[in-house]
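> how does the following fold in three dimensions:
(one chain, ligands or ions: 1)
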Amino acid sequence: AAAVQPNLATVGLTKSFGGVTAVDGATVTFQHGKVNALIGPNGSGKTTFFNCVTGMIKPDAGTATYRGRDITGKASHRVARTGIGRSFQLCRVFPRMTVMENMLVAVRSTSLRRQLASARDPQELDRARGLLARVGIDHLEHSEARDLSYGQQKLLELAGVLMADPETIMLDEPAGGVNPALIDRIANLVRDLNAEGKTFIVVEHNMDLVMSLSDHVVVFDRGRQICEGPPSVVQNDPRVLEAYLGI
Ligand code: ADP
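Numbering: from 1, shown residues only. You can find the predicted model right below:
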């Protein structure tokens, strides 16, 4: 087998909010070209970790690299430019915009002028339609996002992430609050996109999904990695059970 190539990696990443250390010296390496999962009990720092590496918030200490390039503390649009796209735990779409309008503004740019220009580009419209078809909501193109089911909004968010053609996709609880049929669709999309070469880093509470989808699982407890490995190994690690049971 070929040697594992690092994708996103952190060393000693740390972030506190007042007295709470949400991420506490996290040293983690995700694998390039794979489906990686980041799991851990509620409050173990997973979302804060995502926010620190995607430029939503600045870490207090430690470093983050993406494929060997330093991205520590970089603003989110600069992180995006390195090839990382992400979704949010509480789905982020514009509720009063149509599905297509959401697609056309999905690629956030620092320049409003550039963003408006790309929104008027007919090629972008075609690409948006293709991606909406791919996630199975092209028939809703003209609907306002708020009229979609929560699962459909998550599919819209994922399609929006794909507009930037990211090499790596970070998903924060893609199956949370989504009905089982749409969970299957999301899982199949992740598998297909991974087969096409995209790396995934997924925070997810649905353990069946995590174990069936992932190549590599990183387990967080209290803001740092306590265990990593393939699903079969992580599943049977007593430290993981302990973390979840809060012993
Ligand atoms: P997870 O995603 O694993 O559930 P979080 O990263 O959301 O964990 O939270 C980790 C810890 O940091 C929790 O104790 C949470 O209450 C705290 N925390 C997260 N964000 C903030 C914030 N903006 N202000 C204060 N505390 C926060």
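
> what does the protein have sitting close to the ligand?
17, 20, 22, 40, 42-48 (Cβ under 6 Å from any ligand atom). Placement of C-beta: from N, CA and C, glycine included.

> what ranges do the helices span in the protein?
Ranges of helices in the chain, per DSSP state H, are 46-53, 76-82, 99-104, 112-119, 122-135, 150-163, 180-195, 207-213, 231-235, 238-245.

> what's the most buried one of these?
Neighbour counts (mean count of other Cβ atoms under 10 Å) averaged over each of the helices of the chain peak at helix 46-53, with a mean of 25.

> which strands and helices sit next to that one?
Packing partners of helix 46-53 (3 or more Cβ pairs under 8 Å, 6 or more residues apart in numbering; DSSP states H and E): strand 6-17, strand 20-31, strand 35-39, strand 168-172, strand 199-203.

> dump these to a markdown table, plus mean pLDDT.
Output for the helices and strands packed on helix 46-53, formatted as a markdown table (pLDDT from 0 to 100):
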| stretch | mean pLDDT |
| --- | --- |
| strand 6-17 | 97 |
| strand 20-31 | 97 |
| strand 35-39 | 97 |
| strand 168-172 | 95 |
| strand 199-203 | 97 |
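
> got those as TSV, with mean neighbour count columns?
Compiled in TSV, the helices and strands packed on helix 46-53 are given as follows (neighbours: other Cβ atoms under 10 Å):
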stretch	mean neighbour count
strand 6-17	19
strand 20-31	20
strand 35-39	25
strand 168-172	23
strand 199-203	24
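
> scan the helices and strands of the chain for the one with the lowest mean pLDDT.
Here the helix or strand of the chain ranked lowest by mean pLDDT, DSSP states H and E is helix 112-119, holding a mean of 72.
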